[in-house]
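Peer 1: Give me a model of this one.
(one chain, ligands or ions: 1)
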Amino acid sequence: MIDAPPLVLQGLGKRFGAVQAVQDLSFTVAPGRVTGFLGPNGSGKTTTLRMLLGLTRPTTGRALVGDRPYAELPVPGAVVGAALEPGFHPGRTARGHLEAWAPQVGASRARCREVLAMVGVDQSAERRVGGFSLGMRQRLGLATALLADPPVLVLDEPANGLDPEGIKWLRGMLRHLAGEGRTVLVSSHVLGEVQHTVDDVVVIAQGRLVHASSLEGLAALAEPRTYVESPAPERLTALVAEQGWATSPAPRGATGVLVEGVDAARVGAAAHAAGLELHQLASQGTDLEDVFFHLVETAQQQEQQQDQQQEVVA
Ligand SMILES: Nc1ncnc2c1ncn2[C@@H]1O[C@H](COP(=O)(O)OP(=O)(O)OP(=O)(O)O)[C@@H](O)[C@H]1O
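Peer 2: The predicted model follows:
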């Protein structure tokens, strides 16, 4: 097993003039796991990753690789492999790009060929990067990050531009790398893109931490939801009203009711007590994307309220 350091963020913050891009961010990214760093566009993910990689200087707090900042590692590129927004020289071939970068992290030409094969770009090794699709550039970005065989990987939106097969491939790759003991941090603005890849999730909105837990911990926040159908729909409607249950529109073509926040056992018991015949009673799998949106929306609303209160006080 690879002995990888964790990533530790302590009260990290960044202000660009009037924009507070990141604020008081503290969390740890554990080795041996894939951690999804999630937040909507503009929430501060890239700025955070850039601070982690010593590319942007924090206004407050610090970001550590193990026990020290990235820039203070003896050979930073050998410890942390990073793929931020791919900025390749369009005139270089894929192999040329890797061979130009290799000396900086002490990688051999043989290793360049090896990583090209690992990411499935070996057939296009001699093609100019300028003609690559976004998906191929993403693969080349990952190859660059893997060049030094680093124990830590930091990837900004690596699934962006990949087709479903590419996403599946990326998933296998990241799971394999974490399985070897590496620390793997991947950002995304869509939970669904990384939901089947990550062990842990860190959610930010407007530069602040909203949630950090295992994926199961996030799923536990999900409200139950039950689909119920009766041959006496008007009685079912009356029962729902009587219980004060919230409903949402049932799927198209369905004649039943989707009850929010109540599990199937409670709906079934209430129907039984009312002597109401049911033809369907089903727990609906909760969509983690909904949980994610809800967390982000709530955080954004709270932030707006605070801003309004501050304006009133001022
Ligand atoms: N160099 C900069 N100068 C001024 N403002 C910046 C700079 N970099 C980022 N910002 C601002 O900081 C905020 C966070 O941006 P950031 O790019 O970190 O978000 P993000 O979560 O990575 O977004 P996306 O998913 O769109 O890439 C945004 O309001 C952005 O406009």
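
Peer 1: need the strands for the stretch 51-200 of the chain, in chain order.
Peer 2: With DSSP state E, counting those that start in this stretch as the criterion, the stretch 51-200 of the chain has strands at 60-65, 80-83, 152-155, 183-188, 200-205.

Peer 1: hmm, I was thinking of the stretch 201-314 of the chain
Peer 2: According to DSSP E, counting those that start in this stretch, the strands that the stretch 201-314 of the chain contains are 208-214, 225-229, 246-248, 257-260, 280-283.

Peer 1: coming back round to it: dump the strands of the stretch 51-200 of the chain into CSV; add distance to the ligand and mean pLDDT as well.
Peer 2: Yep, even glycine has a C-beta here, placed from its N, CA and C like the rest. Shown next, in CSV, are these (distance: least, Cβ to the nearest ligand atom, whole Å; pLDDT from 0 to 100):
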stretch, distance to the ligand, mean pLDDT
strand 60-65, 14, 98
strand 80-83, 14, 94
strand 152-155, 13, 97
strand 183-188, 7, 97
strand 200-205, 8, 96
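
Peer 1: got CSV for the ones you listed, with mean neighbour count too?
Peer 2: CSV is the format used below for those (neighbours: other Cβ atoms under 10 Å):
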stretch, mean neighbour count
strand 60-65, 18
strand 80-83, 24
strand 152-155, 25
strand 183-188, 26
strand 200-205, 24
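
Peer 1: out of those strands, nearest to V121?
Peer 2: Proximity to V121 (Cβ to Cβ) singles out strand 80-83 among those, at 13.3 Å.

Peer 1: Strand partners (parallel or antiparallel) of that closest one?
Peer 2: Applying DSSP bridges, strand 80-83 is found paired with strand 152-155 (parallel).

Peer 1: CA atoms only: put the strand it pairs with into CSV for me.
Peer 2: Provided in CSV are the C-alpha atoms of strand 152-155 (Å, rounded to 0.1, in the frame of the first residue of the first chain):
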residue,chain,number,x,y,z
VAL,A,152,-1.8,12.5,-3.9
LEU,A,153,-4.0,13.4,-6.9
VAL,A,154,-5.9,16.7,-7.2
LEU,A,155,-8.2,16.9,-10.2
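
Peer 1: contact partners of it?
Peer 2: 4-5, 7, 49, 52-53, 65, 79-83, 141-142, 145-146, 174, 177, 182-187 (Cβ atoms under 8 Å, 6 or more residues apart in numbering).

Peer 1: try 6 Å
Peer 2: A4, L49, V79, V80, G81, A82, A83, A145, T183, V184, L185, V186 (Cβ atoms under 6 Å, 6 or more residues apart in numbering).

Peer 1: repeat for stretch 105-112
Peer 2: By Cβ under 6 Å, 6+ apart, stretch 105-112 touches G77, A78, L98, E99, A102, L147, A148.

Peer 1: Please name the residues that touch G81.
Peer 2: A145, L146, P150, L153.

Peer 1: isn't V129 right next to F88, touching?
Peer 2: Yes - with contact defined as Cβ atoms under 6 Å, V129 reaches F88; the gap is 4.3 Å.

Peer 1: what touches both of the two?
Peer 2: Each of H97 lies in contact with both V129 and F88 under the rule Cβ under 6 Å, 6+ apart.

Peer 1: related to what we said a few turns ago, any idea which of the strands of the stretch 201-314 of the chain is most buried?
Peer 2: strand 225-229 (a mean of 21; mean count of other Cβ atoms under 10 Å).

Peer 1: helices or strands up against that strand?
Peer 2: strand 257-260, helix 264-273, strand 280-283 (3 or more Cβ pairs under 6 Å, 6 or more residues apart in numbering; DSSP states H and E).

Peer 1: Is any residue of the helix of greatest length in the chain near the ligand?
Peer 2: In the chain, with assignment by DSSP state H, the single longest helix is helix 288-313. No - residues of helix 288-313 are not located near the ligand by Cβ under 6 Å from any ligand atom, the shortest gap being 11.3 Å.

Peer 1: pLDDT (mean, whole number) over that helix?
Peer 2: Helix 288-313 shows a mean pLDDT of 82.

Peer 1: Could you shift the numbering so residue one becomes 530, and keep it that way?
Peer 2: OK, 530 is where the count begins now, so the last one is helix 817-842.

Peer 1: how about that helix: buried residues?
Peer 2: L817, V820, F821, L824, V825, A828 (16 or more other Cβ atoms under 10 Å).

Peer 1: With distance to T622 as extra columns, can I get the contacts of strand 681-684 in TSV?
Peer 2: Below are the contacts of strand 681-684 laid out as TSV (distance: Cβ to Cβ, whole Å):
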residue	distance to T622
A533	31
L578	27
V608	28
V609	26
G610	21
A611	22
A612	18
A674	18
T712	31
V713	28
L714	29
V715	27
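
Peer 1: what's around A623, how many residues?
Peer 2: 27 (other Cβ atoms under 10 Å).
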